[in-house]
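Colleague: give me the fold of what follows.
(2 chains)
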Amino acid sequence: MRSIRIGAGAGYAGDRIEPAVELAEKGRLDYLVFECLAERTIALAQQERRKDPSRGYDPLLAERMRKVLEPCRASGVKIVTNAGAANPVAAAELVREIARSLGLAGLRVAAVTGDNVLGQLEGSLRVQETGGTVADLGDRVVSANAYIGAKPVAEALARGADVVITGRAADTAIFMAPLVHEFGWSMEDWARLGRGTLVGHLLECAGQVTGGYFADPGAKDVPDLARLGFPIGEVDEDGSLVITKVEGSGGRVCAATCSEQLLYEIDDPARYFAPDVVADFSGVEIADVGPDRVSVRGATGQGRPETLKVSIGYRDGYIGEGQISYAGPGAVARARLALRIVEERLRLTGVRCRETRFELIGVDALHGAKLSSGAPEPYEVRARVVGRTDSIEEALRIGNEVETLYTNGPAGGGGATRQVREVVGVASAFLPRERVSTTVQYLEVTP
Amino acid sequence: MKLRQIAHSRTGDKGTAANISVIAYRAKDYPLLERYVTAERVREHFRGIVLGEVERYALPQIGALNFVLHDALSGGVTRSLALDAHGKSLSSALLNLELPDAAA
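Modeller: Take a look at the predicted model:
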């Protein structure tokens, strides 16, 4: 049975670049797929595009393409990525320019648009997380992008695109699209689409299935994480999958790494909602079949959702933060005194916070008082104060009050830092799928 | 003994929920997970952090349980004030769960 090899070149926007180059050069791939969009990335990208209409795509896109376009062209590897973020067309133009500068005449770059549904949002649309409606978010909404499926990407590949760039396509869809195209899968073959979705799910976080996010020295050891190899999925016409990586690269592919990734970000394993299918991972079987080779079988699917998920980015005030460290005997008591002082200062100076946290990094910042109780006192500790405010001025005051502990607070405070950020929250709504239509534009590299 | 001796774990996030997998290293230990790592115990373990319900899904063929912890991320990754806004470190806290020694 024919199979194709898909490499995962990135698991998030800021991911390492060399593993993708290694895949392009040595992976014997058919496709190299870069997943570069987290929930919030596209909202931030949309804000950037508003400031500069030629921007709004993944800032690492140029560097990635400069490094992989030539090796991919040399061995006929096609590239798919959602790094277009809020501006797939500008991203495609950039890739065309890079390809031209590399002398890759004839290369075809496709841009998939239509995920931006900001203009189609009705005020009455219900927002899942807030329980309210889009209208309640008022003018704070900065972006609205529907999670689109594999079809337009598969169509672009069928029309000869060498590089396909999308915006908010679902992470799994950009991995499944090559399968739909290569094997001619029907978009109503739920079992195969379920398996294709699993391929995407296991590959979409790149190094997380090859030993990244896994090592626990003594319990679960992973060799050579500094040279972690990114995964390759070998997929046959039925959607059966073997996960592997480039021989000699760092990391480890075994049933345990694949099992952890199978359940990563999963709610009910029998109902994994993707744009093209409701996939069922509940009966998946995972088996080691060779060194760094794992077979994954048994996914299926049941129909597709009537609606597409829409990710809505909205401005949600500011977060101000300050930190300062204490060490040696009495460090925890001095740090707790520091927290009490800042709490009182914020009250005395009238900083209005909608929500605050006062905690000690090294003691209770990650898991709170209950889970950390009974642990021995650490040698050093870092006090952290963070609060949500409506104004940037008030957010700045939080970090300032921590910094003033240098000369006004407990003995021996050092290494104060402060920061402020505007919060772009992300919420979800659902649109009937027929309301979202996609378009593909093609650009060709001329000599 | 600690859960960490027989199982490994990974946390993911989805909106305001966190999910934590618990996977037996050896298939023969899976029944212990099923018996002792219940949704109720996980909810109690994370009291104060998880404000909503805890659901448990079983995947016996890979020796794994999947816990979904609702309302566990203080409003979700994008707006949380937490140092670990994704809740990624929660898996390590769960592996600290105490199991009966006789279970080994």
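
Colleague: which of the residues in the helix with the most length in chain A are buried?
Modeller: The residue-count maximum for a helix in chain A (DSSP state H) belongs to helix A:331-348. For helix A:331-348, the neighbour count (16 or more other Cβ atoms under 10 Å in any protein chain shown) marks A:Ala331, A:Val332, A:Arg334, A:Ala335, A:Arg336, A:Leu337, A:Ala338, A:Leu339, A:Ile341, A:Val342, A:Arg345, A:Leu346 as buried. Heads up, the C-betas are built off the backbone N, CA and C, glycines and all.

Colleague: same check, this time on stretch A:209-219
Modeller: Result for stretch A:209-219 [16+ other Cβ under 10 Å]: buried residues A:Val209, A:Thr210, A:Gly211, A:Gly212, A:Tyr213, A:Phe214.

Colleague: try stretch A:356-369
Modeller: A:356-368.

Colleague: also stretch A:55-72?
Modeller: Within stretch A:55-72, the residues that count as buried by 16+ other Cβ under 10 Å are A:55-58, A:60-62, A:64-65, A:67-72.

Colleague: just the strands in the stretch 201-350 of chain A please.
Modeller: Using DSSP state E, counting those that start in this stretch, the strands assigned to the stretch 201-350 of chain A run over residues A:231-236, A:241-245, A:272-273, A:278-280, A:285-290, A:293-297, A:300-301, A:307-327.

Colleague: now the strands for chain B?
Modeller: Assigned strands in chain B, in chain order: B:7-14, B:17-24, B:54-59, B:64-69 (criterion: DSSP state E).

Colleague: show residues contacting the last one.
Modeller: Counting by Cβ atoms under 8 Å, 6 or more residues apart in numbering or on different chains, the neighbours of strand B:64-69 from elsewhere in the structure are A:259, A:262-263, A:266-269, B:17-24, B:30, B:33-34, B:37, B:39, B:42-43, B:46, B:50, B:52, B:54-59, B:87, B:90, B:94.

Colleague: just the buried members of those?
Modeller: For the contacts of strand B:64-69, a neighbour count by 16+ other Cβ under 10 Å gives the buried set as A:259, A:262-263, A:266-267, A:269, B:17-24, B:30, B:33, B:37, B:39, B:42-43, B:46, B:50, B:54-57, B:59, B:87, B:90, B:94.

Colleague: redo the strands of the stretch 201-350 of chain A as a markdown table? Include mean pLDDT, mean neighbour count and distance to chain B.
Modeller: Output for these, formatted as a markdown table (pLDDT from 0 to 100; neighbours: other Cβ atoms under 10 Å in any protein chain shown; distance: least, Cβ to the nearest Cβ, whole Å):
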| stretch | mean pLDDT | mean neighbour count | distance to chain B |
| --- | --- | --- | --- |
| strand A:231-236 | 98 | 25 | 16 |
| strand A:241-245 | 98 | 24 | 14 |
| strand A:272-273 | 98 | 20 | 10 |
| strand A:278-280 | 98 | 24 | 12 |
| strand A:285-290 | 98 | 14 | 5 |
| strand A:293-297 | 98 | 20 | 10 |
| strand A:300-301 | 98 | 23 | 14 |
| strand A:307-327 | 97 | 22 | 5 |
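
Colleague: tabulate the ones you listed in TSV, adding columns for distance to A:Gly76.
Modeller: As requested, the strands of the stretch 201-350 of chain A are arranged in TSV below (distance: least, Cβ to Cβ, whole Å):
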stretch	distance to A:Gly76
strand A:231-236	16
strand A:241-245	20
strand A:272-273	32
strand A:278-280	30
strand A:285-290	26
strand A:293-297	24
strand A:300-301	30
strand A:307-327	33
